[in-house]
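Asker: have a look; sequence and predicted model below, questions after that.
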Amino acid sequence: MPELPEVETIRRGLAPVLAGARLVRAEARRPDLRFPLPPDFRQRLTGARIEGLERRAKYLLAPLDRGETLVVHLGMTGRFEVAGANAARRPGSFALAQAPDPRHAHVVFETDAGATVTFYDPRRFGYMDLIASDALGDHPWFQPLGPEPLGADFDAAHLKAAFAGRRAPVKALLLDQRVVAGLGNIYVCEALFRARIHPERAAGGLGARKLSALAESIGAVLREAIEAGGSTLRDYATAEGTLGYFQHSFRVYGRDGEPCVRPGCAGVVARLVQSGRSTFVCGQCQT
């Protein structure tokens, strides 16, 4: 599933095309994705101006001049393609992706500047909705979310308060969107490795030094991934159909059986399973 850096890469790719644009056409080629599309979806979007393009956790948010916000979640295989107008290339370097299958082109937007933005989703785990902008923060999708990991409200002090007295593994709590919004399996593994913290360690037992290192590592790995264009696993692609290359910089994720890359460490990366998800760890330098 695309994580925060992938969604941010998509946002940056779509913003030059959609922010400030007016939608002259909106087409839903099926009535549902993961969930049914909202009533009168086409009519509520056609003629609306997109005032900006934002991100909250793993959601894309497009506030409209009609007092509603178009909310998009990419699910596992959701992606956008841009044709026409001034589709700027994403920051970072990319490898070419395969052409999208038109059978999975489910939603199409056309702007007054001549751009066509198509949403593809082979598995249809993505979803869209139109929500009143002034009620967005109280919506069940957003109300429980913790702070953004790249925001001013996220730091070691926040982690200390969130982890206090908790015996749950630190990885499990970092994946809890109520603790921090937008983190996923890949970047949690990478951040824990950088901070030298074992993913099975009880979160409440981390001291000030470890908490500080963890907060810094989370920010660093996310910023690097955004700059590189996100991680490409399976179907994930940017708004131009290109694949991000941050996976080539993974220090621990997917490297089970390989030597630890930390200088001076003689450990070997192992794969564990936590709550049904793969975890990658060097048992020698992560404690």
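Answerer: That came in fine, so what should we check first?
Asker: my guess is Gly254 contacts Thr279. True?
Answerer: No - applying CB atoms under 8 Å, one finds Gly254 not in contact with Thr279, separated by 11.1 Å. Bear in mind the C-beta positions are built from the backbone N, C-alpha and C, glycine included.
Asker: neighbour count winner among the two?
Answerer: Thr279 (23 against 15; other CB atoms under 10 Å).
Asker: can you classify that one by secondary structure?
Answerer: Local secondary structure at Thr279 is given as strand here, using DSSP: H, G, I helix; E, B strand; the rest coil.
Asker: for it, which non-adjacent residue is closest in space?
Answerer: Nearest-residue entry for Thr279: Leu272, 4.4 Å, with adjacent residues in sequence omitted and distances by CB to CB, 6 or more residues apart in numbering.
Asker: which residue sits closest to Ala181, ignoring its sequence neighbours?
Answerer: Ala57 (3.8 Å).
Asker: so where do the helices sit in this protein?
Answerer: Along the chain, counting by DSSP state H, helices occupy 4-18, 41-45, 156-163, 170-174, 185-194, 208-228.
Asker: so how far is Arg271 from Glu223?
Answerer: For the record, residue 223 is Arg, not Glu. 26 Å (CB to CB, to the nearest Å).
Asker: show me the contacts for Val170.
Answerer: Listed by CB atoms under 8 Å, 6 or more residues apart in numbering, the contact set of Val170 reads 163, 192, 197, 199-203, 206, 214.
Asker: let's go with 7 Å and repeat that
Answerer: The neighbourhood of Val170, defined by CB atoms under 7 Å, 6 or more residues apart in numbering, consists of 192, 197, 199, 201, 203, 206.
Asker: for those, which one is nearest Pro149?
Answerer: Nearest to Pro149 among these is Leu192, at 13.4 Å by CB to CB.
Asker: let me know whether that closest one touches Pro199 as I believe.
Answerer: Yes - taking contacts as CB atoms under 7 Å, Leu192 lies within contact range of Pro199: 5.2 Å.
Asker: more crowded one of the two?
Answerer: Just comparing Leu192 and Pro199: by other CB under 10 Å the higher neighbour count belongs to Leu192, 27 against 20.
Asker: tell me the pLDDT at the residue nearest to Thr279?
Answerer: At Leu272, the pLDDT value in this model is 96.
Asker: any low-confidence regions in the chain?
Answerer: Within the chain, the segments meeting pLDDT under 70 span 1, 85-100, 230-248.
Asker: now the strands for it?
Answerer: Using DSSP state E, the strands found in the chain span residues 23-28, 54-56, 59-63, 68-73, 79-83, 94-96, 105-111, 116-120, 127-132, 242-244, 269-274, 277-282.
Asker: that older thread, what sits in contact with each of Leu192 and Pro199?
Answerer: 170-171.
Asker: count residues in the vicinity of Ala213, would you?
Answerer: Applying other CB under 10 Å, we find 18 residues neighbouring Ala213.
Asker: over to Phe142?
Answerer: Burial of Phe142 is recorded as 17 neighbouring residues (other CB under 10 Å).
Asker: got a list of what it touches?
Answerer: With contact taken as CB under 7 Å, 6+ apart, Phe142 is in contact with 56, 136.
Asker: what about it, distance to Gly182?
Answerer: Going from Phe142 to Gly182 by CB to CB gives 12 Å.
Asker: coming back round to it: quick check: the residue nearest to Ala181 touching Gly182?
Answerer: Yes - with contacts defined as CB under 7 Å, Ala57 counts as touching Gly182 at a distance of 4.1 Å.
Asker: out of the two, which sits in the busier spot?
Answerer: Just comparing Ala57 and Gly182: by other CB under 10 Å the higher neighbour count belongs to Gly182, 23 against 19.
Asker: residue contacts, the more buried one?
Answerer: So, once contact is read as CB under 7 Å, 6+ apart, Gly182 ends up touching 3-4, 57-58, 148-149.
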